[in-house]
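Trainee: Task: produce atomic coordinates for the following.
(chains A, B, C and D)
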There are 4 protein chains.
Amino acid sequence: MRQRKLENRAKLLISCPDRPGIVSTISTFLHEKGANIVQSDQYTTDPESGMFYMRVEFDLDDFDQSFDNIQKGIAPIADRLSMEWRLESEKRMKRMAIFVSKQDHCLLELLWKWRSGELLVDIPLVISNHTDLRETVEAYGISFYHIPVSKDTKAEAEQRQIQILKQYDIDFIALARYMQVLSSTFVAEFPKQIINIHHSFLPAFIGANPYDRAFDRGVKLIGATAHYVTDDLDEGPIIEQDVLRVNHRFTAEQLKIAGRDVERVTFARAVAWHNEDRIITYGNKTIVF
Amino acid sequence: MRQRKLENRAKLLISCPDRPGIVSTISTFLHEKGANIVQSDQYTTDPESGMFYMRVEFDLDDFDQSFDNIQKGIAPIADRLSMEWRLESEKRMKRMAIFVSKQDHCLLELLWKWRSGELLVDIPLVISNHTDLRETVEAYGISFYHIPVSKDTKAEAEQRQIQILKQYDIDFIALARYMQVLSSTFVAEFPKQIINIHHSFLPAFIGANPYDRAFDRGVKLIGATAHYVTDDLDEGPIIEQDVLRVNHRFTAEQLKIAGRDVERVTFARAVAWHNEDRIITYGNKTIVF
Amino acid sequence: MRQRKLENRAKLLISCPDRPGIVSTISTFLHEKGANIVQSDQYTTDPESGMFYMRVEFDLDDFDQSFDNIQKGIAPIADRLSMEWRLESEKRMKRMAIFVSKQDHCLLELLWKWRSGELLVDIPLVISNHTDLRETVEAYGISFYHIPVSKDTKAEAEQRQIQILKQYDIDFIALARYMQVLSSTFVAEFPKQIINIHHSFLPAFIGANPYDRAFDRGVKLIGATAHYVTDDLDEGPIIEQDVLRVNHRFTAEQLKIAGRDVERVTFARAVAWHNEDRIITYGNKTIVF
Amino acid sequence: MRQRKLENRAKLLISCPDRPGIVSTISTFLHEKGANIVQSDQYTTDPESGMFYMRVEFDLDDFDQSFDNIQKGIAPIADRLSMEWRLESEKRMKRMAIFVSKQDHCLLELLWKWRSGELLVDIPLVISNHTDLRETVEAYGISFYHIPVSKDTKAEAEQRQIQILKQYDIDFIALARYMQVLSSTFVAEFPKQIINIHHSFLPAFIGANPYDRAFDRGVKLIGATAHYVTDDLDEGPIIEQDVLRVNHRFTAEQLKIAGRDVERVTFARAVAWHNEDRIITYGNKTIVF
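Mentor: Now for the predicted structure:
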């Protein structure tokens, strides 16, 4: 939602077994390292014996030095609390790759928000199994890679994709209606870093042709679901969902058209939240702070 | 939505194979019988070779005589157009029975809208398999019948229910979280006249415990679906659906509580539309005019 | 919502004092001229003594001949019923001009829906008081006219705009965050053919800087309103409104950014409805069929 | 959202000028006093020079002793940080009075949620300027006071109301469509403790008859606003707002009826949040944690 990166802003995300004193420990540690906490969110799955999750956003005066101090100083605390953590700096933009097929609506939504400065991310490249959107992408000054995928060449194509993504030092991938199932091998290279938009309100209409099936069932709302990609198709942790009211007058084709609007809005929200380090996954769920 | 029955208002609902001239034929026929058309809605599944559905609402000056004339005069038209039709008078209130179990929210929503004059229906009785809501119901001056249902006594209990419903001359039944599956025998007695509220966004979470399953899947919206009851559990034509935003902080129990609000709103809308003869079913879908 | 113009589809919109027999008269007339009615909507302001509005959509077999017959034949009926009417053919695309200033989100929404075939309209030109969006517009193969407007040159600039619009045979104008108040003279040239998007939920925050004022008031929802432009600023007939949930964390700047999404969706809906001849104005209101 | 009071749960709400170390200071203090923080939310109006607001929810083992220790121990911290604070125990239910006039929908919404255990509050009495709802209220076992209000007797009536409210030891007041303007004298007795539901989307349609004016303006959404009562009519800090889609078919009367649903939902949310100590006011706005 911010329109500019704050050069002295950092974020700490942690998860550990709940116990008294964690907030005090973390906030005191950060304070001692020169951090001014701007926002802090936490969630405990169960006050009795559950897990504790926390996201702290803070400003640092002497950024590089302080950031380094925090990174080094947190290790013993993490050990003591059996804590997983990641520290994120806003000085560096994340690098996102977009995968598309032939449809442009989810792609354009990201490109607009990126160009308007609403989505603060670097987008060095777009990969597609078709050439239809090459011109669209290149008009934004972004590299376009056409990597065809067939049943026989899939493994090879994915290796090529991985190689290019690494070459561009990509942090995460937005599947903007890519329409191809990614292999376990590919997913394992970017765990919890691949966001897909499914064109239904999951778990309704898992799999292919959700709009046709929504039409057949006569639903009164259609939906979209943004989720992290895991090995199980359409079963990964849900990040965001939204719906749109329809009625009996909509043909299956018109559901598809109307659905684009809810797909792109839902997808863009999920991508932004991931980019802002707002999401922690636990089990097969997400916490969106 | 109207707060009073209009004594000279009637409605004609028809369905037939599409062909040119139907609107002209019907509206001219009604005009000749003294009707002033107040609202008219139509829907053609496919302009080429589909079905035609129409709902006309009209006022009649000399009501009883004109209504009778329409009823008699429409038969030859219906024959010619291979048309199914029903003619509804607003002079007579429909008679609705409510089935409940232990939860009161969907029941109270109907009773409140009924008492405030927003839902123009007669509610002569409530049937329950438990006694918990007897006092609540009787406080509204409505008869309460306790008919326990167990696996062994189900057939017998349903026969007793049917007998009472016929005795009270009931037109349709609202299952206000009744929590019992009705047999084919029961359903066949009231075809397209039984409205159920399912506590999920169908077809997601068909069957038992949808909130627990919604919790496990980590959805970001919970929903409710009002539908006509058919022989297939949770598979009948959908009348209305709505959703409510939730997040990771909701326990399964809290999803249940929050879900009540979307259940009762969705249910009350479906019951009102049915009561106002706004719904035509076709195949396993509904047209809501 | 349709993705292609139906070459044999036409629409008749009428308004007249209510009286019995109008639906019959119109539908019989159309049937006799060879029309197959595909959709028909009507609205009576008051069954007793009000106005009657109707929109009929129909297919014609021998299009040009039948269309001509309807156009000629309807005059005596219109006389008899004191009826205003317009007949629209889908064979011809409407021609829309877009006015913009510096912001691109509403412009891009229309261009995207136009290019994807969702918005079936011709867009021969965009007019702007700034040059910022020239490149964006021209990339879509659309002519861009830069007509600067200052207090002193406004009358002259509007004359130039009118001249260009006439030269391009423009049917209606979409003000995509144009940010200039149009004079009565200009508005009189395109009565009920200019659609504006106001960045608030009217009548809240009429006038300038609605997001700043929404921020000051601490509202929990922000909105957008698409309306026809009349001589009274922000007072024309409302076509569509929508809202977006916000909270205390949003700065005035962030309200502006978040508001873009609700602006463009609301605006695109209004433009589509106008383009599909779904709107009849009466008094200072709209009927959207 | 919880269905039971947690006997060992307490909440601390603070506001003070922002400065580094506040989160650390507060969380360490609470930890030392035996608190296990369950949820913590904060908001800084402006990271540079703004105000800091925080709400911490925590469990205490030796409740009475620890609660007392916190209450005593916080004073010097508050002094040092120029901090306003309140400490709330969940052991004690808040005591709410409801004011009504003749309409029952907002009243019933609160009573249902109260009886179902969803709204954990004590409701010892309802005060009304009419007798219409006496029976409804007393059926719930709640005392009903009829205090007529006329222009001449208003001051006297309010004195009587204040006296009764004090006698019942009332914490806050829910104006469930009370339809009377309260004097400054009355408001001063319960600052930021009176919640009103206004039947429009403020600041649109401030004052009387909002539905009639919404009808005249031809809006496409109607709304409701729950806000704290201040001396300026309909100008107090907004707690919650929501809207409902309507169209040209709605008469002014039907807007009123439809509006009830959005009023009661919006009102119930605001009352629940106040009751759960989720709201901090600042200036003329609210933070809802």
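Trainee: any idea of the pLDDT on A:Pro203?
Mentor: In the predicted model, A:Pro203 carries a pLDDT score of 95.
Trainee: ok, it - contacts?
Mentor: Remark: with contacts taken as CB atoms under 8 Å, 6 or more residues apart in numbering or on different chains, A:Pro203 is in contact with A:Asp234, B:Ala204, B:Phe205, B:Arg217, B:Val219. Quick note: C-beta positions are derived from backbone N, CA and C, even for glycine.
Trainee: so which of these would you say is closest to chain C?
Mentor: Minimum separation from chain C among the contacts of A:Pro203 (CB to the nearest CB) is found for B:Val219, which lies at 18.4 Å.
Trainee: burial of that closest one, as a residue count?
Mentor: One way to gauge burial is a neighbour count; for B:Val219, by other CB atoms under 10 Å in any protein chain shown, it gives 25.
Trainee: correct me, but it touches A:Pro237?
Mentor: No - contact status for B:Val219 versus A:Pro237: not in contact, 10.9 Å apart, counting by CB atoms under 8 Å.
Trainee: what residues are shared contacts of these two?
Mentor: Contact with both B:Val219 and A:Pro237 is made by no residue, according to CB under 8 Å, 6+ apart.
Trainee: Just the buried ones out of the contacts of A:Pro203, please.
Mentor: The neighbour-count criterion (16 or more other CB atoms under 10 Å in any protein chain shown) marks A:Asp234, B:Ala204, B:Phe205, B:Arg217, B:Val219 among the contacts of A:Pro203 as buried.
Trainee: and the third one, how far is that from B:Ile197?
Mentor: The gap separating B:Phe205 from B:Ile197 is 14 Å, by CB to CB, to the nearest Å.
Trainee: who's in contact with the nearest residue to A:Arg213 once chain neighbours are set aside?
Mentor: Sequence neighbours aside, A:Phe205 is the residue nearest to A:Arg213 in space, at 5.0 Å (criterion: CB to CB, 6 or more residues apart in numbering or on different chains). A:Phe205 sits next to A:Arg213, A:Ala214, B:Pro203 when contact means CB under 8 Å, 6+ apart.
Trainee: A:Gln103 is in contact with A:Arg177, isn't it?
Mentor: Yes - with the criterion set as CB under 8 Å, A:Gln103 and A:Arg177 qualify as a contacting pair; they are 4.7 Å apart.
Trainee: Can you check the pLDDT for the residue lying closest to A:Glu84 once chain neighbours are set aside?
Mentor: Nearest residue to A:Glu84, sequence neighbours excluded (CB to CB, 6+ apart): A:Ser15, at 5.1 Å. At A:Ser15, the predicted lDDT confidence score is 96.
Trainee: Can you name the helix or strand that A:Ser15 falls in?
Mentor: Assigned by DSSP states H and E, A:Ser15 belongs to strand A:9-17.
Trainee: Paired strands for the helix or strand bottoming out on mean pLDDT in chain A, with orientation please.
Mentor: Across the helices and strands of chain A, mean confidence by mean pLDDT, DSSP states H and E is lowest for strand A:35-44: a mean of 91. Applying DSSP bridges, strand A:35-44 is found paired with strand A:51-60 (antiparallel).
Trainee: Output the set of residues of chain A in proximity to chain D.
Mentor: Those residues of chain A that sit near chain D, judged by CB under 8 Å from any CB of the partner chain, are A:18-24, A:27-28, A:30-31, A:34-44, A:47, A:59.
Trainee: hmm, 6 Å instead?
Mentor: The interface of chain A toward chain D, taken as CB under 6 Å from any CB of the partner chain, is made up of A:20-21, A:23-24, A:27-28, A:31, A:36-38, A:40, A:42, A:44, A:47.
Trainee: Put together JSON lines for those, with neighbour count on each row.
Mentor: Below are the residues of chain A next to chain D laid out as JSON lines (neighbours: other CB atoms under 10 Å in any protein chain shown):
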{"residue": "A:Pro20", "neighbour count": "16"}
{"residue": "A:Gly21", "neighbour count": "17"}
{"residue": "A:Val23", "neighbour count": "26"}
{"residue": "A:Ser24", "neighbour count": "21"}
{"residue": "A:Ser27", "neighbour count": "25"}
{"residue": "A:Thr28", "neighbour count": "18"}
{"residue": "A:His31", "neighbour count": "19"}
{"residue": "A:Asn36", "neighbour count": "19"}
{"residue": "A:Ile37", "neighbour count": "24"}
{"residue": "A:Val38", "neighbour count": "19"}
{"residue": "A:Ser40", "neighbour count": "23"}
{"residue": "A:Gln42", "neighbour count": "21"}
{"residue": "A:Thr44", "neighbour count": "19"}
{"residue": "A:Pro47", "neighbour count": "18"}
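Trainee: ok, of these, which one's closest to chain B?
Mentor: Comparing those against chain B with CB to the nearest CB picks out A:Thr44 as the nearest, at 9.8 Å.
Trainee: Could you double-check that that closest one sits in contact with A:Tyr53?
Mentor: No - contact criterion CB atoms under 6 Å: A:Thr44 and A:Tyr53 do not qualify, at 7.6 Å.
Trainee: which residues are common contacts for those two?
Mentor: Shared contacts of A:Thr44 and A:Tyr53, defined by CB atoms under 6 Å, 6 or more residues apart in numbering or on different chains, are absent.
Trainee: Where does the stretch 101-250 of chain A get nearest to chain D, which residue?
Mentor: When scored by CB to the nearest CB, the stretch 101-250 of chain A has A:Arg245 as its residue closest to chain D, at 8.6 Å.
Trainee: Return the residues in contact with the nearest residue to that residue once chain neighbours are set aside.
Mentor: Taking CB to CB, 6+ apart, and ignoring the residues beside it in sequence, A:Arg245 has A:Leu221 as its nearest neighbour in space, at 5.7 Å. When contacts are counted by CB under 6 Å, 6+ apart, A:Leu221 is found next to A:Val243, A:Arg245, B:Gln241.
Trainee: low-scoring stretches of the stretch 1-150 of chain A, by residue?
Mentor: Counting by pLDDT under 70, the stretch 1-150 of chain A has low-confidence residues at A:1-5, A:47-49.
Trainee: Export only the CA atoms of stretch A:172-180, formatted as PDB.
Mentor: Coordinates of each C-alpha in stretch A:172-180 appear next as PDB, following Å, rounded to 0.1, in the frame of the first residue of the first chain:
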ATOM      1  CA  PHE A 172       9.300 -15.500  -6.100                       C
ATOM      2  CA  ILE A 173       7.000 -16.400  -8.900                       C
ATOM      3  CA  ALA A 174       3.500 -15.200  -9.700                       C
ATOM      4  CA  LEU A 175       1.500 -17.700 -11.900                       C
ATOM      5  CA  ALA A 176      -0.800 -15.300 -13.700                       C
ATOM      6  CA  ARG A 177      -3.100 -17.900 -15.200                       C
ATOM      7  CA  TYR A 178      -0.200 -20.000 -16.400                       C
ATOM      8  CA  MET A 179      -2.400 -23.100 -16.900                       C
ATOM      9  CA  GLN A 180       0.400 -25.600 -16.500                       C
END
